[in-house]
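# Test case, fold it:
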Amino acid sequence: MAVSRESVLPIAQAEQRAPRPWFVDVWLRLAREKPLGMLGAVVVLVLLVVAAAAPWIATYPYERVHLADTLVEPGSPSTYGPTYILGTDDLGRDMFSRIVYGARISMIVALGAVGLGLMFALIIGVTSGYAGGVVDLAIQRVVDAWVSIPFFILLLSIMMIFKPGIGPVIFALALGSAFSNSRIVRSAVLSTMTLPYIEAARATGAGTLRIVLRHVVPNIMAPLIVVATLGLGNAILAESALSFLGLGVPPPYPTWGQMLSGTSRVFMYQAPWLAIAPGIAISLAVFGFNMLGDALRDLLDPRLRGGR
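A predicted model of the protein is given here:
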């Protein structure tokens, strides 16, 4: 039976059509197969938007004191301007504005800590996995010794050395997670080193730096994305714990953990919104990152998606 040119042309065009980028495919599969992961992604996007647009979203400056409106209930009118959406604290500061600016501090600390920690983990893990032999053995013994220290005790020890601040908190969280994440990087590197294209790159005379940057690192990005996503939730939780103990980001910068500490504990029964608002903010942030990270792990790991 003869086949017309008009019937063959759409098939040829479909075959020549460029494939979708991997991140577009992951996003579409996330929306289709992982509803909780999509919910987590929406929460994360909202947090990013709130953090970036904090000066325009907040109804008051986070440090402004309203002495005539102390411990005002949520939704109450203000004598100074807009309604207090989430009430005020014992100094009359607007809780909604402080929650919004607290999102900015939390995202800055989380993104900085995870980014710096992954850079350290890449250096340690790639060096260990690619070099092998005695170098790998020596690095792994140091990693074992470092990981044997409880994470939070390690954070407290590092923060006792430095003064409280955004920079020291980022550095402490990054250093605390780098060695444990380097094990994941090393495992991914060892798996990648057995693939044929690494041998082909060596056969063409490619140097070590070129192989690592062009062939090894790009092909271990999937587990790194999962580690980064899950690490963001852990970083927010750890920063909140440090701020609660007074070792995190110092005043006047508002942080969610700091709002749960200090005078908030004194007035918690009289004004429960002082604890409820930052507690819900921390819970939503950790929930969003954990759900997104768990979904990305299922989508990016071939063993968990049937080898597709």
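# low-scoring stretches of this structure, by residue?
Applying pLDDT under 70 to the chain flags the ranges 1-23, 25-27, 301-308.
# Grab the most central residue of it for me.
Leu232 (2.1 Å; C-alpha atoms, centre = their mean).
# gap between the strand or helix carrying Gly293 and the chain center?
If you go by DSSP states H and E, Gly293 is part of helix 273-300. Relative to its chain's centre, helix 273-300 lies at 10 Å (C-alpha atoms, centre = their mean, to the nearest Å).
# same thing with stretch 239-247?
18 Å.
# Name the surrounding residues that touch it.
For stretch 239-247, contacts defined as C-beta atoms under 8 Å, 6 or more residues apart in numbering pick out 106, 109-110, 113, 152, 155-156, 159-160, 164, 169, 172-173, 248-249, 255-258, 260-261, 282. Glycine gets a C-beta too; all of them are placed from N, C-alpha and C.
# In helices, which of these appear?
106, 109-110, 113, 152, 155-156, 159-160, 169, 172-173, 256-258, 282 (DSSP state H).
# what about burial for those, which qualify?
106, 109-110, 113, 155, 159, 169, 172-173, 256-258, 282 (16 or more other C-beta atoms under 10 Å).
# got CSV for those residues, with distance to Ser191 too?
Output for these, formatted as CSV (distance: C-beta to C-beta, whole Å):
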residue, distance to Ser191
Ser106, 34
Val109, 32
Ala110, 28
Ala113, 27
Leu155, 31
Met159, 36
Val169, 34
Ala172, 31
Leu173, 28
Trp256, 38
Gly257, 38
Gln258, 42
Ile282, 36
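# what's the closest of those to Arg64?
Taking C-beta to C-beta as the measure, Arg64 sits nearest to Gln258 out of those, at 16.9 Å.
# show me what contacts the closest one?
Each residue near Gln258 by C-beta under 8 Å, 6+ apart is listed here: Ser243, Phe244, Gly248, Val249, Pro251.
# now Tyr197
Going by C-beta under 8 Å, 6+ apart, Tyr197 touches His215.
# Now do the helix or strand harbouring it: distance to the chain's middle.
Using DSSP H and E, Tyr197 sits in helix 196-203. Relative to the chain's own centre, helix 196-203 is displaced by 34 Å; criterion: C-alpha atoms, centre = their mean.
# I'd like the next helix or strand past it.
helix 208-211.
# Hey, what's the angle from the helix or strand following that following helix to helix 273-300? Just curious.
Sequence order places helix 221-244 as the next helix or strand after helix 208-211, per DSSP H and E. Inter-element angle recorded for helix 221-244 and helix 273-300: 170 degrees (by axes from the mean of the first three to the mean of the last three C-alpha atoms, to 10 degrees).
# chain center to helix 221-244, what's the gap?
Distance, centroid of helix 221-244 to centroid of chain: 5 Å (C-alpha atoms, centre = their mean).
# how many degrees apart are that helix and helix 151-161 in direction?
60 degrees.
# Centre of the chain to stretch 154-168, how far?
20 Å.
# same check, this time on stretch 243-260
Distance, centroid of stretch 243-260 to centroid of chain: 19 Å (C-alpha atoms, centre = their mean).
# Now do the buried residues in that stretch.
Neighbour count says stretch 243-260 has 243-244, 247-249, 253-260 buried, by 16+ other C-beta under 10 Å.
# which residues of the stretch 51-200 of the chain fall in helices?
Using DSSP state H, counting those that start in this stretch, the helices of the stretch 51-200 of the chain run over residues 54-57, 95-131, 133-147, 151-161, 166-193, 196-203.
# Next up, the contacts around the spatially closest residue to Ala235 that is not a sequence neighbour.
Excluding its sequence neighbours, the residue lying closest to Ala235 (C-beta to C-beta, 6 or more residues apart in numbering) is Ala110, at 4.1 Å. By C-beta under 8 Å, 6+ apart, the residues touching Ala110 are Leu232, Ala235, Ile236, Glu239.
# and if we set it to 10 Å?
47, 51, 170, 173, 228, 231-239, 285, 289 (C-beta atoms under 10 Å, 6 or more residues apart in numbering).
# Report the inter-axis angle for the helix holding Gly293 versus helix 95-131.
Here helix 273-300 points in a direction 30 degrees away from that of helix 95-131 (the same axes, to 10 degrees).
# returning to that earlier point: closest one of the contacts of Ala110 to Ala145?
For the contacts of Ala110, the minimum distance to Ala145 (C-beta to C-beta) is 19.6 Å, reached by Leu173.
# buried stuff in the helix holding Tyr197?
Within helix 196-203, the residues scored as buried using 16+ other C-beta under 10 Å are Ile198, Ala201.
# now swap in stretch 119-132 and tell me
Going by neighbour count (16+ other C-beta under 10 Å), the buried part of stretch 119-132 is Phe120, Ala121, Leu122, Ile124, Gly125, Val126, Thr127, Ser128, Gly129, Tyr130.
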